[in-house]
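*Asks:* Quick one, fold the following:
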Amino acid sequence: MTSDEQEVAAANERFYGAFESLDIHKMESVWASDTEIQCGHPGWRILRGWKPVMESWRRIFENTPAIRFMLSDLAIEVRGDLAWVTLYENLNSSLEGQNVAATVLTTNIFRKGTDGWRMIHHHGSSVAEAAPQDETPTVH
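*Replies:* Numbering: from 1, shown residues only. Down below sits the predicted model:
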């Protein structure tokens with residue numbers, strides 16, 4: 001793994017650490033604040049700009065007593081000052097007293113700036129279950 005890939009992996013880990021902490025200040029620290037960021041939560045419309053994206057995290061954090069992730073099938077690609085991470089988020093959460101488990105296919109995009117790698121885009125789509133890692137997909 002190259003040093004850029006290691007730094008992107010660390011930035012991605014900070015994102016999930018912030019998410020699990022349910023702390024808006026930690027979440028704000030992983031995002032680029034000097035550009036138009038975007039976020040697409042499963043089942044939501046795309047959010048563009050700092051204020052709408054951070055408001056979405058506030059709303060999620062206020063309504064989530066606990067959340068834990070197990071990340072799988074993670075791949076990192078770096079191209080200059082841009083990098084993307086694709087993965088499955090296997091999450092367990094509590095919502096209104098009910099335990100919830102879900103799998104979300106996710107793409108996180110990071111940009112390298114003077115303050116290191118910062119997230120500029122997060123997109124998650126719900127899936128029934130993660131694709132098996134050892135099978136070759138078929139096209140029909």
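*Asks:* contacting residues around Lys50?
*Replies:* If you look again at residue 50, you'll see it is Trp, not Lys. Trp31, Ser33, Ile37 (CB atoms under 8 Å, 6 or more residues apart in numbering). Where you see a C-beta, it was placed from the backbone N, CA and C, and this is true even at glycine.
*Asks:* Pretty sure the last one sits against Ile120.
*Replies:* It refers to Ile37. Yes: contact criterion CB atoms under 8 Å: Ile37 and Ile120 qualify, at 5.3 Å.
*Asks:* anything in contact with each of those two?
*Replies:* Trp31.
*Asks:* In three-state terms, label Asn12 for me.
*Replies:* Following DSSP: H, G, I helix; E, B strand; the rest coil, we place Asn12 in the helix state.
*Asks:* residues touching it, list them.
*Replies:* Leu74, Ile76, Val85, Asn108, Phe110.
*Asks:* try Gly116
*Replies:* So Gly116 contacts Glu7, Ala11 (CB under 8 Å, 6+ apart).
*Asks:* quick one: low-confidence parts of the chain?
*Replies:* 129-140 (pLDDT under 70).
*Asks:* Reformat the contacts of Trp50 as CSV; add neighbour count, distance to Ala10 and secondary structure.
*Replies:* Below are the contacts of Trp50 laid out as CSV (neighbours: other CB atoms under 10 Å; distance: CB to CB, whole Å; DSSP: H, G, I helix; E, B strand; the rest coil):
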residue, neighbour count, distance to Ala10, secondary structure
Trp31, 21, 15, strand
Ser33, 12, 19, coil
Ile37, 22, 19, coil
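*Asks:* Which single one of the residues you listed is nearest to Gly80?
*Replies:* Ile37 (18.8 Å; CB to CB).
*Asks:* Tell me how far that closest one lies from Leu74.
*Replies:* Per CB to CB, to the nearest Å, Ile37 is found 21 Å from Leu74.
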